[in-house]
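Asker: Sequence and predicted structure below; questions after.
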Protein chains: 2
Amino acid sequence: MEDKEISQAVIGRLPRYFRYLGELKDAGIERISSQDLSELMKVTASQIRQDFNNFGGFGQQGYGYNVEYLYNEVGKILGLDQQHRFIIVGAGNLGRALGNYINFEKRGFIFCGIFDQNPDLFGKEIRGIKIRPMEEMEAFIRKNDVDIAVLTIPKSGAIAAAEKLVKNGIKAIWNFAHVDLNVPEGIQVENVHLSDSLMKLSYNISKARE
Amino acid sequence: MEDKEISQAVIGRLPRYFRYLGELKDAGIERISSQDLSELMKVTASQIRQDFNNFGGFGQQGYGYNVEYLYNEVGKILGLDQQHRFIIVGAGNLGRALGNYINFEKRGFIFCGIFDQNPDLFGKEIRGIKIRPMEEMEAFIRKNDVDIAVLTIPKSGAIAAAEKLVKNGIKAIWNFAHVDLNVPEGIQVENVHLSDSLMKLSYNISKARE
């Protein structure tokens, strides 16, 4: 399994499986057939079987999937059995919203620092974490074993910030800045371009009116 | 062109073209070849030509694309030449962050209302828009010609809220709640599942460590 290259399309679907399996588990459901899971999630049963086959199947023919086992296995594949320490770069509205989102903690994402260049914000706290000056970011990363940086600053400063993050050992950037980052091979970037998403909605509204 | 069904994959790439074209335009660049655009955006020139062919081409053989013309045309396709009025349902950190984001306004998305169930927030303002009680939402939508609802409430209330929105004439939902919405045919939904995006990043970090 480690040798097989899984497509990003399959990876992109795993969190949704994880979410549905978590809801089934919380509802006390122990087993589910690929057919029932298919109806619930509105994807074909064959798609589900194909996706899971990438990871060795999980299925027991005729018995369906064991919900809790599958939930845990998908979680492990997603790396959610490990802890990831993250900082937030930019303490504007979005940065503060993400810092306050406690559900990330439940998935093993530990909020450990937040930085901004606005002196009015220095020392204010988000869930017990003090907002620090941007100048302290690089030393902080080196000292605190940080895995992920969440980038929520305007695009004008984002590329320079990304370079500093990578230079100081950050392995992954969750990028909310409205710009594409150029990072070295081996650094993971996941973009959330909110305006792009809103424009796609706008297209579909216009299209539906025609 | 109106009769042709454009794939959501192509639509999903249009906002990125729009973003790059806007930057070129702002930098004073008047023409660009598909080859140069390809290098800048790190997609193949053939992909660019194929994407634009869905909308009649835009290109002038040998001269490259006229940047401003192309920017305007892509903007029109995305419906950005029209105004869309939106409300925000949920005035938590994320809802307030989105309400404060003035760039949406530049693209024709007009913030006109925000609702919450927390009485402590009633009457507080976000860019001059008062936070109102959730009970006033339905009447507000009917009176104010609202196109889009941004859903930023927890998933427990999201499905019921979506039903109310649709019943009162909302045409599109930008869904940040961590749940899949079941809406009637013709209602547009664009999901931003932030946790899903973070889990994808987590997978890629784990994978890179192997």
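Answerer: Cool, the structure landed.
Asker: And chain B, is the helix or strand of chain A with the lowest mean pLDDT touching that?
Answerer: One helix or strand of chain A scores below all others by mean pLDDT, DSSP states H and E: helix A:103-106, with a mean of 85. Yes: contact between helix A:103-106 and chain B, assessed by CB under 8 Å from any CB of the partner chain, occurs at A:103, A:104. Where C-beta positions appear, they are placed from N, C-alpha and C, glycine not excepted.
Asker: After that helix, which helix or strand is next? Please name it.
Answerer: Sequence order places strand A:109-116 as the next helix or strand after helix A:103-106, per DSSP states H and E.
Asker: Return the list of helices and strands in contact with that following strand.
Answerer: strand A:84-89, helix A:93-99, strand A:129-133, helix A:137-144 (3 or more CB pairs under 8 Å, 6 or more residues apart in numbering or on different chains; DSSP states H and E).
Asker: Export those as JSON lines, with columns for mean neighbour count and mean pLDDT.
Answerer: Formatted as JSON lines, the helices and strands packed on strand A:109-116 follow (neighbours: other CB atoms under 10 Å in any protein chain shown; pLDDT from 0 to 100):
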{"stretch": "strand A:84-89", "mean neighbour count": "23", "mean pLDDT": "96"}
{"stretch": "helix A:93-99", "mean neighbour count": "23", "mean pLDDT": "92"}
{"stretch": "strand A:129-133", "mean neighbour count": "16", "mean pLDDT": "97"}
{"stretch": "helix A:137-144", "mean neighbour count": "15", "mean pLDDT": "96"}
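Asker: Quick one: closest of those to chain B.
Answerer: The closest of the helices and strands packed on strand A:109-116 to chain B is helix A:93-99. By CB to the nearest CB, the value is 3.4 Å.
Asker: How much space separates the nearest residue to residue A:136 once chain neighbours are set aside from chain B?
Answerer: Using CB to CB, 6 or more residues apart in numbering or on different chains and skipping residues adjacent in sequence, the residue nearest residue A:136 is residue A:115, 6.9 Å away. Distance of residue A:115 to chain B, given as CB to the nearest CB, to the nearest Å: 17 Å.
Asker: thinking residue A:115 is in contact with residue A:99, fair?
Answerer: No: using CB atoms under 8 Å, residue A:115 is not in contact with residue A:99; the gap is 11.0 Å.
Asker: Let's see the pLDDT reported for residue A:113.
Answerer: As predicted, residue A:113 sits at a pLDDT of 97.
Asker: Could you list everything it pairs with in the sheet?
Answerer: Using DSSP bridges, the bridge partners assigned to residue A:113 are residue A:87.
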